[in-house]
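Asker: Using only what follows, build the 3D model:
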Amino acid sequence: MKRPGFILFGLLLFSILSHAQNAKDLTQRGRELYEKHEFMESLLNLNKALDIDPNYAPAYFIRGNIKDNFDDRHGAMKDYNTAIEKNPKFADAFFARGNVKMKLQDYYGAIADFTSAITINENYIEAYFNRGKAKQFLQAYEDAINDCSKIIQINPKNVDAYYMRGILRIEFGDMKNGCLDLSKAGELGDLKAYEVIKEKCNQKDQGQ
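Answerer: You can find the predicted model right below:
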């Protein structure tokens, strides 16, 4: 006697699962198209995904990336906000929103978002790096240097961290260690570090 109800429940469950799967597949297709720079087709897939499942955070995230690619920064911010609202542990969305805030010169807001990304993923090298850049804009050199040092702790061969830490140390007045960092960056293959060394590090009086 209960069989019809059971069948209806099964059909409803199948419909829900099917919709969720379709949203995931459409978003994955949107991601692939985005990576190929086929932005219009990507948007069509992402919009369909969100029609099926308005709570699917990855679709908002990729759509935000497309908007950011076209310098629609406030539109991108809105999609990143929604992605974070739907999934508060979405480290990449915090990172992306931080990058938009950097472009809008909201350095304190950017630092807060990069910090959130790092709280979720303590080895998020790109978030440490960009947080360091935001701190550099605010002339918070010691804190920025600490972010570079953390990257080097995670990956001792990260050439970009050595280069930026070298620049930061020189700006902070620590010429000797700054020049040593630039030398390490050059050793690891960043030839532009040697240009800075020629300009900054070969003067007679560096206070060493």
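Asker: after the lowest-mean-pLDDT helix or strand in the chain, next one along is what?
Answerer: Ranked by mean pLDDT, DSSP states H and E, the weakest helix or strand in the chain is helix 3-35, scoring a mean of 70. Following helix 3-35 in sequence order, the next helix or strand is helix 39-52 (DSSP states H and E).
Asker: Check which helices and strands that next one is in contact with.
Answerer: With contacts taken as 3 or more Cβ pairs under 8 Å, 6 or more residues apart in numbering; DSSP states H and E, helix 39-52 sits against helix 3-35, helix 57-69. Bear in mind the C-beta positions are built from the backbone N, C-alpha and C, glycine included.
Asker: residue ranges with poor pLDDT in this structure?
Answerer: Scanning the chain for pLDDT under 70 picks out 1-21, 204-208.
Asker: which SSE is the residue nearest the centre of the chain in?
Answerer: Nearest to the mean C-alpha position of the chain, by Cα atoms, centre = their mean, lies Phe95 at 3.5 Å. Assigned by DSSP H and E, Phe95 falls within helix 91-103.
Asker: Pull out the buried positions in that helix.
Answerer: In terms of neighbour count (16 or more other Cβ atoms under 10 Å), helix 91-103 has its buried residues at Ala91, Asp92, Ala93, Phe94, Phe95, Ala96, Arg97, Gly98, Asn99, Val100, Lys101, Met102.
Asker: Out of those, which is nearest to Ala57?
Answerer: Nearest to Ala57 among the buried residues of helix 91-103 is Ala93, at 7.1 Å by Cβ to Cβ.
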